[in-house]
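In: Can you look at this prediction? I've put the sequence above it.
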Amino acid sequence: MLNLNKVNFSINKNDDEINLIKDANINISESSFVAVVGPSGCGKTTLLRIIAGINAQSSGNIYWKGRDLSVNDFNPSELGFVPQFSIAYDQLTISESIKTAIKLRSKCTTKEEINNILDKVISQTGLKEISERQVKVLSGGQMRRLSLAIELVTEPQLLLCDEVTSGLDPKSEHEIVSLMHSLSRNSDRVVVNVTHSLNHLELYDTIIVLYEGYVVYQGSPSKLTHYFSVNSAEEIYPTLTNRKDIDWHISWLKHREKYITDSEVNDKEYKSPNNTLPPSALNQFLALTIRRWKIFSRDKMQILLHLGMLLLFPILVAIFGLDGIDQPKTMPNQTNANVIDQLNYKISVSKSHMEIGSLISGLVMFQVILLTLMASNNSAREIAGEREIFEKEKFSGLSVSSYILSKVAFLSVLVLLQSLWMGIFVQICVPSLPGDIVTRLIILILVNASMTSICLGISASMKSPEQSSLLAIYLVGFQLPLSGAILSLPQWISPITQPLISAYWAWSGSLDLMKGEYFGQSIDAVTKQTNVQSLNICIVWLFLHLIFGLFLTYTGSKKPQI
Ligand SMILES: Nc1ncnc2c1ncn2[C@@H]1O[C@H](COP(=O)(O)OP(=O)(O)OP(=O)(O)O)[C@@H](O)[C@H]1O
Ligand SMILES: [Mg+2]
C-alpha cells in the first residue's frame with residue numbers, strides 16, 4: 001500500500017552534501033500499524049516529512065496504492081499528519097477546534113453533516129466527556145487526542161504521527177498508542193508512528209528501525225530482538241553503536257527476506273486519489289473569519305490593549321488642541337502707523353502664522369503617528385504568531401487567498417473603528433481644525449490601513465512573532481524622524497526616505513487639504529523646509545503602500561516557513 005523504493009534525501013550544507021535518508025526500501029501493507037524507531041537524530045522525522053511530501057526526496061520513488069506520488073501527489077484529505085508538538089488555539093474548545101477543521105478541510109455544508117463528523121471523531125478519540133473544554137487547560141495526552149481528532153475529520157487513509165507520545169506518562173502513552181492501533185483497524189488505514197520509545201512495540205504490526213539514515217530492520221515486533229541478538233528491545237539502541245551504520249545496512253539487505261512478512265509486497269496497481277473534495281474558498285474564508293473573531297473575543301488582554309489605544313490615543317491628540325485654533329492675524333490694507341509699528345505688526349502676524357501652522361501640523365502628525373502605532377499593534381503578530389498552525393492548515397488544503405482575505409476582513413474592522421474614532425473625536429474636541437472632515441477621515445483610514453497591511457506583510461515574512469513585532473516597532477519609530485515633518489531632513493535624504501514613510505504622505509495630504517482660505521500662509525510657514533505634496537499624489541502613495549503590504553503578505557504566506 002505504501003512503498004518506498006531506493007529513497008534518498010540529502011541536503012547541502014556549506015557546499016557539502018549530507019545524506020539524511022539513505023537508500024530506504026520500505027513496504028507497508030494496508031491496515032497496518034507501523035512504528036518507526038531509532039535513536040535521536042537518525043532521520044525519523046525527515047523520513048516522515050518525505051513520505052508526507054513536505055520534503056521532496058533527492059532520488060527514488062514513493063508509491064501509495066501503486067500510485068507514484070511524484071507524478072500524482074496525495075490529495076490533502078488522503079493524508080493526516082500529526083506533528084511532534086500539538087498545535088491548536090488556546091482560546092477555542094475541543095469541539096470548536098474540530099468543527100473549524102471540518103469546515104476548512106471537507107466540503108460539508110449543512111450543520112448536520114458537520115455535527116455527524118464531529119460526533120464521530122470525538123467518540124473515536126475518546127474526547128466526548130471533555131469536548132467543551134478549552135484547549136489551554138488540556139493535559140498532554142488530551143492534546144495529542146485532539147491533534148489526532150483534527151486529522152481524522154477527512155478520514156485519511158494514511159495517518160503519519162511524529163512523536164505523539166513523547167513527554168507523556170506511561171499510562172497516557174499506552175492509551176495513545178492503543179488509540180492509534182484502533183485507528184489503523186478502521187477502513188484499511190495505515191498508521192505510521194515515529195517514536196524513540198521502545199515501549200508497547202507488541203501493539204504494532206511492523207517495526208522499522210532507522211540508524212543514521214539507514215533502514216536497518218523492518219518486520220514484526222516479535223522478531224526484533226532475535227534479529228539484533230538482544231534479550232529486550234531496550235538493548236537495541238546500545239547494540240546499534242557496536243557496528244557502523246553501513247554495516248548494519250548491508251547486514252539488513254542480506255537478511256531482510258527472512259523478516260519481511262508476505263503481505264508487505266509492492267502493489268503497483270494504480271488507483272485514483274480519494275475524491276473527498278476540499279471546501280470552497282468562500283467557506284474556508286468564512287470559517288477562518290468566524291474563528292478569528294471568536295479567538296479575539298476571548299482574549300481579554302488583547303481587547304483591553306485595543307480598547308486602551310482606541311480611547312486614549314484620540315484624547316492625547318485632542319488635549320493639544322483644546323484651546324482651539326485661532327484665526328491667523330492679517331496685515332491691514334491701509335495703515336497710518338509708522339514703519340516701526342508696521343514692522344512689529346508684521347512680525348506678530350508671521351509669529352501667529354508660525355504658531356497656528358505648528359499647531360495644525362503637530363496635531364495632524366500626532367494623529368497619524370498614533371494611528372501607525374495602532375496599525376503595528378493590529379497586525380505585527382497576526383500571521384507570525386500562528387505560523388505553525390497556518391502551515392499545518394495550508395498543508396491540509398487551506399487556500400492562502402482565503403486565509404489572507406480573512407485577515408483583511410478582521411483587520412479592516414479594527415482599522416475603520418480606530419481611524420474613524422480618532423478623526424471624529426478630535427474633530428469634536430477641536431472643531432476649528434480646518435479641511436473637509438470626510439477627506440481627512442479617508443486619509444486617516446488609508447494611513448492606518450497601509451501600515452496595518454505593511455506590518456501584516458512583515459508578519460507573514462518573519463520566522464517568529466518576536467522578530468516581526470520588533471521590525472514593525474522600528475518601522476513606526478522611524479516614521480516621525482524620516483517624515484521630515486518636525487525636523488527637516490537633509491535635502492539629499494528626503495527624496496529617498498519620504499516615499500517609504502506612510503506618515504509623511506498622510507501628513508502631507510492632510511496639510512495640502514487644510515490650506516484653505518485662512519490657513520494657507522500658516523501651513524506654508526511651517527512647511528517651508530519640507531515639501532508638501534498635493535492631496536491626490538499622497539492618496540496614490542498611501543494606496544501603493546497598502547498594495548505593497550498585501551503583496552508582501554501574499555508572498556510571505558505562500559513561502560513555507562518551517
Ligand atoms: N534542514 C536541515 N539542515 C541540517 N540538518 C538537518 C536538517 N533537517 C534535519 N537535519 C539533521 O538530520 C538529522 C535527522 O533529523 P531528524 O529530525 O529527522 O531526526 P529524528 O530521528 O526525528 O530525531 P528526534 O528523535 O530527535 O526527533 C539530524 O542530525 C538533524 O540535525
Ligand atoms: Mg524527530
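Out: Looks like it arrived, so ask away. Ligands and ions are numbered 1, 2, ... in the order given.

In: which other residues reach stretch 78-89?
Out: 45, 48, 52-54, 64, 97, 135, 140, 143-144, 146-148, 150-152, 154, 156-164, 166, 273-274, 276, 291, 295, 386, 388-389, 392, 395-396 (Cβ atoms under 8 Å, 6 or more residues apart in numbering). For the C-beta atoms, the positions are set from N, CA and C on the backbone; glycine is no exception.

In: May I see the ChimeraX selection of the buried members of those?
Out: Command for ChimeraX, covering only those of those found buried under the criterion 16 or more other Cβ atoms under 10 Å:
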select :45,48,52,53,54,64,97,135,140,143,144,146,147,148,150,151,152,154,156,157,158,159,160,161,162,163,164,273,274,276,291,295,386,392,395,396
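
In: Okay, and which of the contacts of stretch 78-89 map to helices?
Out: Mapping these onto helices (DSSP state H) picks out 45, 48, 52, 97, 140, 143-144, 146-148, 150-152, 291, 295, 388-389, 392, 395.

In: ok, which of those also contact ligand 1?
Out: Under the cut-off given by Cβ under 6 Å from any ligand atom, ligand 1 has T45 from the ones in helices among the contacts of stretch 78-89 close to it.

In: Can you classify the closest residue to ligand 1 within the stretch 351-500 of the chain as helix, strand or coil?
Out: When distances are taken as Cβ to the nearest ligand atom, the stretch 351-500 of the chain reaches nearest to ligand 1 at K463, 13.6 Å away. At K463 the chain is in coil, as set by DSSP: H, G, I helix; E, B strand; the rest coil.

In: Does it touch K559 like I think?
Out: No: with contact defined as Cβ atoms under 8 Å, K463 does not count as touching K559 (10.8 Å).

In: how about whichever strand or helix holds Y474: buried residues?
Out: With elements delineated by DSSP states H and E, Y474 resides in helix 465-483, which encompasses its position. If you call a residue buried by 16+ other Cβ under 10 Å, then helix 465-483 has these buried ones: 465, 468-469, 471-472, 475-476, 479-480, 482-483.

In: Turn those residues into CSV, including pLDDT.
Out: Shown next, in CSV, are the buried residues of helix 465-483 (pLDDT from 0 to 100):
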residue, pLDDT
P465, 95
S468, 97
S469, 96
L471, 96
A472, 96
L475, 94
V476, 94
Q479, 88
L480, 87
L482, 86
S483, 82
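
In: with those in mind, which one is nearest to Y217?
Out: Checking those against Y217 with Cβ to Cβ, the nearest one is P465 at 42.1 Å.

In: What residues does the closest one make contact with?
Out: Residues in contact with P465, defined by Cβ under 8 Å, 6+ apart, are 380-381, 384-385, 459.

In: and what of V368?
Out: Residues near V368 by Cβ under 8 Å, 6+ apart: 444, 447, 479, 503, 506-507, 510.

In: Now with 10 Å, please.
Out: Residues near V368 by Cβ atoms under 10 Å, 6 or more residues apart in numbering: 317, 422, 443-444, 447-448, 451, 479-480, 483, 485, 502-510.

In: wait, is it part of a strand?
Out: No: residue state for V368 (three-state DSSP) corresponds to helix; a strand is not indicated.

In: Right, I'll call it a day here.
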